[in-house]
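Peer 1: structure of the sequence below:
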Amino acid sequence: MNSDTPLLEILTSDAADRYRVVVGGAVDRTAERLAGVVSPTTDTPAAVLRDRVAGVDLDRPLGSADAALAEVDDLFTAEAVWFHDPGYLAHLNCPVAVPAVAAEAVLAVVNPSVDTWDQSRIGTEIERRVVRWAAETVGFPTGDGIFTSGGTQSNLHALLLARQAATSDGRTATPDGRTAAADGPAVASTRRVPVLDDLVVLATASSHFSVRKSAMLLGLPERAVVDVATDAAGRMRPDALAHAIADVRREGRTPMAVVATAGTTDRGCIDPLEPIADVCDLEDVWLHVDAAYGCGLLVSPTRRGLLDGIERARTVTADFHKSFFQPVSSSALLVRDPADLGLAAWHADYLNPEDADEPNQVDKSLQTTRRFDALKLWTTLRASGADAIGRAFDTVLDVTERVHDHVAGHADLELVAPTQLSTVLFRWQPEGVSEAEADALVAPIRAALLAEGRVLVAKTVVDGRPCNKLTLLNPSTSAEQVVSALDHVVATAERLHAARATHTTSTTGATR
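Peer 2: Numbering: from 1, shown residues only. The predicted structure follows:
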């Protein structure tokens, strides 16, 4: 080995001082960047960003952690998208709680994996305590759950449990595909159970895309997800659900699960959980509530009632890295009956030995190696409490209501749909601008704003027409700041429209 070849620095007890210097330097640089943020991102062209990354030779190291982190500061941090800036209004990304950020730093050093007790010990106990708290907050007094990588995995896990329940004869699966009664040896099942091609998941067209993706991953046919009709606000109609279940059964198929949404991604609407639960109880169908977005309502001092009925679900998805202001990733699948998690359990001698009385989380999770994300929420709860989180989310929703009123009364903006959470669906369409012209500007408005970096908005499609979207998740952003951002959106739209009109006129003149 050449004497000039750098060695890999491993974090050990002997390297504690080196850790302090290297990480302290990175923290100082990042804090300086944070203090200097004046827009959600930069106006550096995409091609320049690609070229800068492509120009880095990963086979030629810089020779030290300090140099590498200085490059990170210049290459990544300087060009990052900052979700805390008032101009960031695009997606379901939240600014994060300071105690949780500190907990994340602790996790990076210890590097725990909370799959088996002997890898985490106290970490396992902390996660189990946080999960019990979250389950109780939902209304599952004896519930359980597991932290996941995000809402997509939580929804997949829930539908896997529902699939297993629908195709089970009440016995416990063994690795060889046979079944074992709780008090007897493995035997072949004699009870006819539905085949995968017959299983149906009932949701709405506004449900998260992960519902359909999960159905695909679970081996269900494309026709497995049936859209239930919605009301004018995009919420599932309980009467339509009852009819849809009856139709499915008439076709000889089996309703595997109903997915109700507590906070749809675009509209921010909440399906009527109580009457949906009535239908599911009557029809004996698994009810899963996807509250990835709306879970902050669980601790809201003023709006908790919007989730009435969630406690009657069999499983619930909660994304704490949305409305609980936690760093990514921090999500959980919560179950009303702890036994349901056993529907997808799998035995591995080296992970969950039968002769050890240890609470191994690998029995509950789809993952093996798994981050100790619960520590971030634990630290936030211990520092500030659930009420502070709920008040912060309430502040976001209060601001959203004021922004909705502003858009509804704006001469040049159309409010596309109402919300129960923090999205604002709008379209620039002043008098004299046709629907076709307004629709054609939706994507260019987003692209122009993104290239500029000052205000970021999203684009979606509602009722067949494109529109722009704001998603508010920053309790530090005022209604006045959002209105100012919308003024800039309007000015951008006017500029783009005028440029198009000039181009059309010149093109028409040139062809005469």
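Peer 1: domain ranges for this structure?
Peer 2: Domain ranges of the chain: 13-82, 113-383, 387-510, per automatic domain parsing.
Peer 1: export those domains to CSV and tack on mean neighbour count?
Peer 2: Heads up, the C-betas are built off the backbone N, CA and C, glycines and all. Listed next are those as CSV, based on neighbours: other CB atoms under 10 Å:
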stretch, mean neighbour count
domain 13-82, 12
domain 113-383, 19
domain 387-510, 17
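Peer 1: quick one: which of these is nearest Y88?
Peer 2: domain 13-82 (3.8 Å; CB to CB).
Peer 1: follow-up on the earlier one: tell me which of the domains of the chain lies nearest to A103.
Peer 2: Closest among the domains of the chain, once you apply CB to CB, is domain 113-383, at 4.0 Å.
Peer 1: got the end-to-end distance for the closest one?
Peer 2: 24 Å (CA to CA, to the nearest Å).
Peer 1: can you check stretch 133-151 too?
Peer 2: Terminal-residue distance, stretch 133-151 (CA to CA): 19 Å.
Peer 1: same deal with stretch 258-272?
Peer 2: OK, stretch 258-272 end separation, CA to CA: 13 Å.
Peer 1: for stretch 373-389, same thing?
Peer 2: Separation of the first and last residues of stretch 373-389 by CA to CA is 17 Å.
Peer 1: worst mean pLDDT among the domains of the chain?
Peer 2: Of all the domains of the chain, the segment with the smallest mean pLDDT is domain 113-383, scoring a mean of 91.
Peer 1: what about that domain, distance to the chain center?
Peer 2: Offset of domain 113-383 from its chain centre (CA atoms, centre = their mean, to the nearest Å): 14 Å.
Peer 1: go on, stretch 454-467?
Peer 2: Remark: stretch 454-467 is offset 19 Å from the chain centroid, using CA atoms, centre = their mean.
Peer 1: and the contacts of that stretch?
Peer 2: For stretch 454-467, contacts defined as CB atoms under 8 Å, 6 or more residues apart in numbering pick out 39-41, 81, 87-91, 266-267, 416-417, 425-427, 435, 439, 442-443, 445-446, 449-450, 468-471, 485, 488-489.
Peer 1: make a markdown table from the domains of the chain and add distance to T5 to it.
Peer 2: Shown next, in a markdown table, are the domains of the chain (distance: least, CB to CB, whole Å):
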| stretch | distance to T5 |
| --- | --- |
| domain 13-82 | 9 |
| domain 113-383 | 30 |
| domain 387-510 | 40 |
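Peer 1: of those domains, which approaches P95 most closely?
Peer 2: Closest to P95 of the domains of the chain is domain 387-510 (CB to CB; 5.2 Å).
Peer 1: nearest residue to the residue nearest the centre of the chain other than its sequence neighbours?
Peer 2: The centroid of the chain falls nearest to G151 when counting by CA atoms, centre = their mean (4.7 Å). Among residues not flanking G151 along the chain, A292 sits closest, at 3.4 Å (CB to CB, 6 or more residues apart in numbering).
Peer 1: the one you found against G263, yeah?
Peer 2: Yes - assessed by CB atoms under 8 Å, A292 is found in contact with G263 at 7.0 Å.
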